[in-house]
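[1] no letters, just coordinates:
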């Protein structure tokens, strides 16, 4: 299994500690990760399906998968 890149780890670490309020989270994404919220969510959605992300961050990825499955 591949190793997560540093930028992928930063996204998943951010999601562990991210503010839950939308406006605060969007600002924190820009400030902490230097990317737009849209790009952040695109990358996060890719990571949700990545076996390496699941192995490294099972609680975060599992929670995001459950949320995604409920919304389908």
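    Perfect, I can see it now. Since the structure is predicted, the reported quantities are computational estimates derived from the model, not experimental observations. Numbering: from 1, shown residues only.

[2] wait, doesn't residue 51 sit right on residue 3?
    No: Residue 51 is beyond contact range of residue 3, at 11.8 Å (criterion: CB atoms under 8 Å). All C-beta atoms are positioned from the backbone trio N, CA, C, and that covers glycine.

[3] shared neighbours, those two?
    In the contact map built from CB atoms under 8 Å, 6 or more residues apart in numbering, no residue is linked to both residue 51 and residue 3.

[4] contacts for the helix or strand where residue 70 lies next, please.
    Using DSSP states H and E, residue 70 sits within helix 58-71. Applying CB under 8 Å, 6+ apart, the external contacts of helix 58-71 come out as 12, 15, 16, 44, 45, 47, 48, 50, 53, 54.

[5] find the nearest non-adjacent residue to the residue nearest to the spatial centre of the chain, please.
    Nearest to the geometric centre of the chain sits residue 44, at 3.9 Å (CA atoms, centre = their mean). Using CB to CB, 6 or more residues apart in numbering and skipping the chain neighbours, the partner closest in space to residue 44 is residue 11 (5.9 Å).

[6] buried stuff in the host helix or strand of that neighbour?
    Element membership of residue 11 [criterion: DSSP H and E] is helix 6-17. By neighbour count on 16 or more other CB atoms under 10 Å, the buried set for helix 6-17 is 8, 11, 12, 14, 15.

[7] element containing the residue nearest to the centre of the chain, please.
    Applying DSSP H and E as the criterion places residue 44 in helix 37-48.

[8] quick one: mean pLDDT for that helix?
    Averaging pLDDT along helix 37-48 yields 97.

[9] ok, and what's touching the very next helix or strand once past that helix?
    With elements assigned by DSSP H and E, the helix or strand that comes after helix 37-48 is helix 51-56. Outside helix 51-56, the residues within contact range by CB under 8 Å, 6+ apart are 1, 2, 3, 4, 8, 9, 12, 47, 61, 62.

[10] quick one, which of those residues are buried?
    Using 16+ other CB under 10 Å as the burial test, those include 4, 8, 12, 47, 61 as buried.
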